[in-house]
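S.K.: Have a look; sequence and predicted model below, questions after that.
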Amino acid sequence: MFDMFQEQSETESYSSPNPSYSRVGSIYVVSIGGSLLVKAKPDWEMLQRFSEIISLLHSQGKRIVLVVGGGKIAREYVEAMKSIGANNFEQDLMGINITRANAFLVASSIMGAHKEVLVNVADAKKILDSGKIPVFGGLMPFFTTDAVGALLAEYLGGTFVNLTNVDGIYNADPRDYPDAHRFDEIGYDNLISLIQESGSKPGQNVVLDLACCMILKRSKILGAVMDGADLGNFSNFVNNLSFTGTLIKDIENETPVAESEKPKKSSKKKVLKKKSAYKKGSWRDEYETPDPRDIKF
């Protein structure tokens, strides 16, 4: 599984105003942040809840592909590799290995999942056709697991779902800007503009990386970002019901983010209230200024 050189290698709610974006019957490529499932050690309670909801949706005929991130533990291993003099390529390989370890844990916990972590995008279709759930970790250096998820959604003609530790995409960091606005929906160009803007300063309100968003844009892939701790909300989305989060889609004549009103900054950090009894910790992991040599698995 870890051979790197294989050849094949209910709170607020939102309903999409555009019925043409019905989510019923689609393939759902779900990218879940590693920090939701593994903290200092595996979070068995969260893992069990996630496994149960995925198993239930699978039993209902939903076609699901999972991509599991590395989270904080992966970044700690990468930092350890850096401290012993490993180069960027070698650091990325370590991060990929940790994502695959997390993915193997997830695959092992879900009855209907294929028990081998896949390393080739093209294998996803035959596993889906066999009635199993394909599970992926990282694929290659300089490529986040969110980008892997977008690539799989592109290949399979599916919907991309990002389960993370924030409830959507904001126009500013809500910890610093009490009036920050969470987008119910956002177009590809505005999403990319937000990422480019956030890359110039510490802290970020966009949870996806540029490569992921460029893939979503080039094939007009429907995407969604939502709080991974609220699995009932995720189930609502898959079942084409109202959900809390941000829908990513093609929006004609969308007002550029740069022209929208900026929220006022507060001198005090905003403390976001927990929305679930299972929610632990801050609204997201600490985030540093994006660096092309520092891949967040």
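M.R.: Looks like it arrived, so ask away.
S.K.: Run a quick neighbour tally on the nearest residue to residue 219 once chain neighbours are set aside.
M.R.: Residue nearest to residue 219 in three dimensions, not counting chain neighbours: residue 154, with 4.7 Å by C-beta to C-beta, 6 or more residues apart in numbering. (C-beta placed from N, C-alpha, C; glycine too.) Residue 154 has 18 neighbours, counted by other C-beta atoms under 10 Å.
S.K.: can I assume residue 102 sits in a helix?
M.R.: Yes: membership of residue 102 in a helix is supported by DSSP: H, G, I helix; E, B strand; the rest coil.
S.K.: What count of nearby residues applies to it?
M.R.: 30.
S.K.: Next one, pLDDT for it please.
M.R.: We have a pLDDT of 96 for residue 102.
S.K.: Alpha carbons of stretch 87-95, as CSV, please.
M.R.: Only the C-alpha atoms of stretch 87-95 are listed here, as CSV (Å, rounded to 0.1, in the frame of the first residue of the first chain):
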residue,chain,number,x,y,z
ASN,A,87,14.2,17.5,0.5
ASN,A,88,10.7,18.7,-0.6
PHE,A,89,10.0,15.6,-2.7
GLU,A,90,10.9,13.3,0.2
GLN,A,91,8.8,15.4,2.6
ASP,A,92,5.8,15.1,0.2
LEU,A,93,6.3,11.3,0.1
MET,A,94,6.1,11.2,3.9
GLY,A,95,2.9,13.2,3.8
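S.K.: So which bits of it are buried?
M.R.: Using 16 or more other C-beta atoms under 10 Å as the test for burial, stretch 87-95 gives 88, 91-95.
S.K.: can you redo these as JSON lines with secondary structure?
M.R.: Listed next are these as JSON lines, based on three-state DSSP:
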{"residue": "88", "secondary structure": "helix"}
{"residue": "91", "secondary structure": "helix"}
{"residue": "92", "secondary structure": "helix"}
{"residue": "93", "secondary structure": "helix"}
{"residue": "94", "secondary structure": "helix"}
{"residue": "95", "secondary structure": "helix"}
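S.K.: How far off centre is the helix or strand bottoming out on mean pLDDT in the chain?
M.R.: In the chain, no helix or strand scores lower on mean pLDDT, DSSP states H and E than helix 188-198, which sits at a mean of 88. In terms of C-alpha atoms, centre = their mean, to the nearest Å, the centre of helix 188-198 is set 16 Å apart from its chain centre.
S.K.: ok, now stretch 51-70?
M.R.: Counting by C-alpha atoms, centre = their mean, stretch 51-70 comes out at 14 Å from the chain centroid.
S.K.: average model confidence for it?
M.R.: 96.
S.K.: Can you list the buried residues in it?
M.R.: Buried, per 16+ other C-beta under 10 Å, within stretch 51-70: 51, 53-55, 57-58, 62-70.
S.K.: go on, stretch 170-184?
M.R.: In stretch 170-184, counting by 16+ other C-beta under 10 Å, buried: 170-177, 180-184.
S.K.: Straight-line length of it, end to end?
M.R.: 9 Å (C-alpha to C-alpha, to the nearest Å).
S.K.: now it, how far from the centre of its chain.
M.R.: 19 Å.
S.K.: now the buried residues of stretch 170-184 as CSV including pLDDT and distance to residue 45?
M.R.: Conversion of those to CSV gives the following (pLDDT from 0 to 100; distance: C-beta to C-beta, whole Å):
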residue, pLDDT, distance to residue 45
170, 89, 28
171, 84, 33
172, 80, 33
173, 76, 29
174, 73, 26
175, 72, 26
176, 78, 31
177, 80, 32
180, 82, 30
181, 87, 32
182, 92, 27
183, 94, 30
184, 95, 30
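S.K.: can you name the two of these that are farthest apart?
M.R.: 176 and 184 (21.4 Å; C-beta to C-beta).
S.K.: Against residue 228, how distant is residue 133?
M.R.: Separation of residue 133 from residue 228 (C-beta to C-beta, to the nearest Å): 17 Å.
S.K.: same check, this time on residue 195
M.R.: Residue 195 is 20 Å from residue 228, by C-beta to C-beta.
S.K.: which of those two has more neighbours?
M.R.: residue 228 (26 against 21).
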